[in-house]
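Chemist: following is a predicted model, sequence given first.
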Amino acid sequence: MSQSYTPDDLAHLLQVSKLTVYDLIKKGDIPAYRVGRQMRIDAVDFERYKSRGKEVKTTSFTRSTDEQQSVVISGQDNCLDMLARELEGQENIQPLRSYASSMDGLISMYQGEADIVSVHLLDGDTGEYNIPYVKKLLVSHSFQLIRFIQREVGFYVAKGNPNNIKSWKDIQDQQLTLANREPGAGARVVVDEELRMNGIARGAINGYDNIHTSHMAVASEVESGRADVGVGIKQVAEMAKLEFIPIREENYDLVLLNSSEKKEAMQQVTRILTNENFQKQLKSLHYKIEDIGTVLYEQ
């Protein structure tokens, strides 16, 4: 049975009111059905709604008018939707969302199609997040890497952890099935780096090529029993009512493109990150915000 959500669940995930969710359902943006008196939304339909931004050419986002300047924010976490809503309240700024993975977002930025990109890319050799990647991929660009949030990443398993999974070796030895993320996603980089550091060949893991494009889609595979284990963030495991086994804490940071044209918008972003009310919203979702707004690297 595939995972599904109630309107209350979606309101929490999207950080909007339940009335907004009902409006999306009424307009047909999100398909829904009834089970008795309760309305439900399949996880796969919610993912289609979330990923629609990937299907729109980002070049169409970058058109600015005399009244409003567009700012493309790339990444999949709900906290970026919160950031976009804060920017909507700023005069002359029109935030636009693209739900691309970390790598795809950086490539879009390199090609001039994104202004703010979220990254959570682990370098297994140093244990460092993000800096090794952005330095190489944005070598010819001027940018700032800014601390945003910290998230726990770990294994998704069924309640009670029936296979007693504690490590990658357990997954290999028991020939358990993995639900994996797409190349370029931060969770996929964690999988690849963890396997490399543990000396496990990718081909030794069942389901390594079983690809899904979001944490929720991976959680749905585990919840339905189609996979034994997946890798993702703690918040989604809680929503999907799965057991979560921590692997590491990851830094989920923001890359801001330095551009004289959008200097004012980037300044607004840094102000929002240090705003007490915005930080309270992030804490309410159980994100850590240590050093939020700190410039980690600049070129």
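Modeler: Right, received. Where do you want to start?
Chemist: what's the burial count for Thr294?
Modeler: Look at Thr294: counted by other Cβ atoms under 10 Å, it has 13 neighbours. Backbone N, C-alpha and C define where each C-beta goes, glycine included.
Chemist: list the contacts of it.
Modeler: 146-147 (Cβ atoms under 8 Å, 6 or more residues apart in numbering).
Chemist: again, only using 10 Å
Modeler: By Cβ atoms under 10 Å, 6 or more residues apart in numbering, the contact list for Thr294 reads 145-148, 253, 273-274.
Chemist: and what of Phe244?
Modeler: 152-157, 161, 219, 232-238.
Chemist: among the residues you listed, name the ones in strands.
Modeler: 152-157, 232-233 (DSSP state E).
Chemist: between the residues you listed, which has the most around it?
Modeler: Using other Cβ under 10 Å as the neighbour criterion, Gly232 leads the ones in strands among the contacts of Phe244 with 30 neighbours.
Chemist: excluding chain neighbours, what is closest to it?
Modeler: His215 (3.7 Å; Cβ to Cβ, 6 or more residues apart in numbering).
Chemist: for the one you found, give its distance to Met109.
Modeler: Per Cβ to Cβ, to the nearest Å, His215 is found 22 Å from Met109.
Chemist: follow-up on the earlier one: now the buried members of the contacts of Thr294.
Modeler: Buried by 16 or more other Cβ atoms under 10 Å: 145-148, 253, 273, out of these.
Chemist: how about the residues you listed, which pair is most distant?
Modeler: Leu145 and Leu273 (12.9 Å; Cβ to Cβ).
Chemist: what residues are up against the spatially closest residue to Leu138 that is not a sequence neighbour?
Modeler: Among residues not flanking Leu138 along the chain, Tyr110 sits closest, at 6.1 Å (Cβ to Cβ, 6+ apart). The contact partners of Tyr110, by Cβ under 10 Å, 6+ apart, come to 117, 137-141, 257.
Chemist: just these now: which is nearest Arg181?
Modeler: Val117 (17.3 Å).
Chemist: shouldn't that closest one be within a strand?
Modeler: Yes. Assessed by DSSP: H, G, I helix; E, B strand; the rest coil, Val117 belongs to a strand.
Chemist: that one and Gly186 touch, don't they?
Modeler: No. Counting by Cβ atoms under 10 Å, Val117 stays clear of Gly186, with 11.7 Å between them.
Chemist: shared neighbours, those two?
Modeler: Counting by Cβ under 10 Å, 6+ apart, the contacts common to Val117 and Gly186 are 75, 102-103.
Chemist: so which residues of the stretch 151-299 of the chain form strands?
Modeler: Applying DSSP state E, counting those that start in this stretch to the stretch 151-299 of the chain gives strands spanning 178-181, 211-212, 229-233, 243-257, 295-298.
Chemist: let me see the mean pLDDT of stretch 116-129.
Modeler: For stretch 116-129, the mean per-residue pLDDT is 94.
Chemist: can you get me the start-to-end distance on that stretch?
Modeler: One end of stretch 116-129 sits 17 Å from the other (Cα to Cα, to the nearest Å).
Chemist: what's the answer for stretch 157-177, then?
Modeler: End residues of stretch 157-177 are separated by 11 Å (Cα to Cα).
Chemist: from the middle of its chain, how far away would it be?
Modeler: Mean C-alpha position of stretch 157-177 versus that of the full chain (Cα atoms, centre = their mean, to the nearest Å) differs by 24 Å.
Chemist: show me which residues of it are buried.
Modeler: 157-158, 161, 165, 168, 170-172, 176-177.
Chemist: now, which of these sits nearest Gln90?
Modeler: Nearest member of the buried residues of stretch 157-177 to Gln90, counting by Cβ to Cβ, is Val157, at 42.3 Å.
Chemist: surely that closest one is in contact with Gly232?
Modeler: No. Val157 lies out of contact with Gly232 (Cβ under 10 Å); the separation is 11.3 Å.
Chemist: can you check which residues contact both of these two?
Modeler: By Cβ under 10 Å, 6+ apart, the residues touching both Val157 and Gly232 are 222, 242, 244.
Chemist: with adjacent residues omitted, what lies nearest to the last one?
Modeler: Nearest residue to Phe244, sequence neighbours excluded (Cβ to Cβ, 6+ apart): Ala237, at 3.9 Å.
Chemist: the one you found: what's it in contact with?
Modeler: Counting by Cβ under 10 Å, 6+ apart, Ala237 touches 152, 154-157, 215, 218-219, 222-223, 230, 243-245.
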